[in-house]
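Colleague: Return a 3D structure for these sequence lines:
(one chain, ligands or ions: 2)
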Amino acid sequence: MAIVEVENLSISFKRYTSRFKQVNHQVISNLNVSIEAGEIVAVVGASGSGKSLLAHALLGILPIHANVSGTMTYKGEPLTAKRQGMLRGKEMSLVPQSVHFLDPLMKIGKQVRQSAKHHKAAFLQKKVFERYRLPVKTEKLYPFQLSGGMARRALLATAVVSEAELIIADEPTPGLDSAVIEEALTNLRELADNGSAILLITHDIEAALKIADKIAVFYAGTTVEVAPAVDFTGKGEMLRHPYSKALWRALPQNEFIPIPGAQPHPSELPPGCLFAPRCTIATSKCRHEQPTNRAVRNGMVRCFHAT
Ligand SMILES: Nc1ncnc2c1ncn2[C@@H]1O[C@H](COP(=O)(O)OP(=O)(O)OP(=O)(O)O)[C@@H](O)[C@H]1O
Ligand code: NI
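Modeller: Ligands and ions are numbered 1, 2, ... in the order given. Okay, the predicted model is just below:
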């Protein structure tokens, strides 16, 4: 059974451009994604494609003026605001990939223990410190006294002791050295192998491919494709959507050919397929009608022409 199931999620914000003029920003449009226990689903896509908003919608921490529609379920039951409040920080946890999320005024040991279930907090904290090579004395240190790598491991430790069944990891801070990124990825894989469902948000397809089972490709606030990670290979022949193929081929180690044009702004989405204005195979139908999400070869795609 899917731990998380998101169906036709749409999110918009109304904005005043002047005193009397209001515009609608459609930031997420009919987005679909699901995550099974033990599975890592990586969400990749350009800046502004809605990755963080999906995380915030699941956790129930969207701004109050957001208009939300669609359904989200957790273990088969609707994810209501009340349930989100109960699950957040317990069964559902966020690994913010910025170490600034550590409380600067609280000792590391205490921060980690606070995330654990009460009766075994001290035990779990010791175990997790060992596992992440955090020396015992780290317990008594404040975040500013840790190296960047240790602080990252402390954040992960917090997610691990919480024994969360759904872990949402928002993108690695640019500038982290590759060894630290590698380690963080390995840790996430271990968490999934222990049964957690993981949503990994990142710009970095290559990093995602190292550990993910499935890749959800976001474009302008929707999932254009959800594909098994193994489909990202060769020239992208196995991929289903022209955007995923283009994204794959644009990587430096592939053909390094960027796609012309830009992702549309949420205030001016095209009427048909959101990718049509940049798509080399778009037809008149694509420019007028929105393709629905459909199953193609063990994946999902939102394109009339995908086979
Ligand atoms: N509170 C808000 N009010 C209005 N628009 C918002 C709000 N939060 C986000 N947006 C818009 O929603 C869109 C998606 O934002 P989101 O932060 O989810 O993107 P992202 O894919 O996480 O980008 P990045 O890779 O840069 O983190 C953007 O166009 C953003 O400007
Ligand atoms: Ni983001």
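Colleague: Would you mind giving the secondary structure of Val224?
Modeller: Applying DSSP: H, G, I helix; E, B strand; the rest coil to Val224 yields a three-state assignment of strand.
Colleague: now the helices: where do they sit in the chain?
Modeller: Ranges of helices within the chain are 51-59, 81-87, 108-115, 121-131, 148-161, 178-193, 205-211, 242-249, 284-288, based on DSSP state H.
Colleague: who's in contact with the shortest one?
Modeller: Pointing back at helix 284-288 there. Residues from elsewhere that reach helix 284-288, judged by CB atoms under 8 Å, 6 or more residues apart in numbering: 270-273, 276, 279, 304-305. For the C-beta atoms, the positions are set from N, CA and C on the backbone; glycine is no exception.
Colleague: Please repeat the previous calculation with a cut-off of 7 Å.
Modeller: Contacting residues not belonging to helix 284-288 are listed as 271-273, 276, 279, 304 [CB atoms under 7 Å, 6 or more residues apart in numbering].
Colleague: and what of the fourth one?
Modeller: Under the criterion CB under 7 Å, 6+ apart, residues 109, 112-113, 116, 136, 138, 157, 160-161 lie in contact with helix 121-131.
Colleague: Quick check: end-to-end length of stretch 241-258?
Modeller: End-to-end distance for stretch 241-258: 16 Å, by CA to CA, to the nearest Å.
Colleague: do the same with stretch 251-260
Modeller: Taking CA to CA, stretch 251-260 runs 14 Å from one end to the other.
Colleague: Just the buried ones out of the contacts of helix 284-288, please.
Modeller: Buried by 16 or more other CB atoms under 10 Å: 272-273, 276, 279, 304, out of these.
Colleague: And the contacts of helix 284-288, which is closest to Lys21?
Modeller: Checking the contacts of helix 284-288 against Lys21 by CB to CB gives Pro271 as the nearest, at 21.0 Å.
Colleague: Give me the pLDDT for the residue nearest to that closest one when sequence neighbours are not counted.
Modeller: Closest residue to Pro271 apart from its sequence neighbours, by CB to CB, 6 or more residues apart in numbering: His288 at 6.3 Å. Taken from the predicted model, the pLDDT recorded for His288 is 97.
Colleague: So out of everything in the stretch 151-300 of the chain, what residue is nearest ligand 1?
Modeller: Closest to ligand 1 within the stretch 151-300 of the chain is Pro266: 4.8 Å, counting by CB to the nearest ligand atom.
Colleague: show me where pLDDT drops low in the chain?
Modeller: Flagging of the chain using pLDDT under 70 yields the residue ranges 97, 172-177.
Colleague: what do you get if the cut-off is 80, keeping everything else the same?
Modeller: Applying pLDDT under 80 to the predicted model, the residue ranges of the chain that meet it are 1, 17, 96-101, 117-119, 160, 162-163, 171-181, 183-184.
Colleague: what residues are up against the most centrally placed residue in it?
Modeller: The central residue of the chain, meaning the one whose C-alpha is nearest the mean C-alpha position (CA atoms, centre = their mean), is Ile201 at 3.0 Å. Contacts for Ile201 (CB under 7 Å, 6+ apart) come out as 43, 51-52, 55, 169-171.
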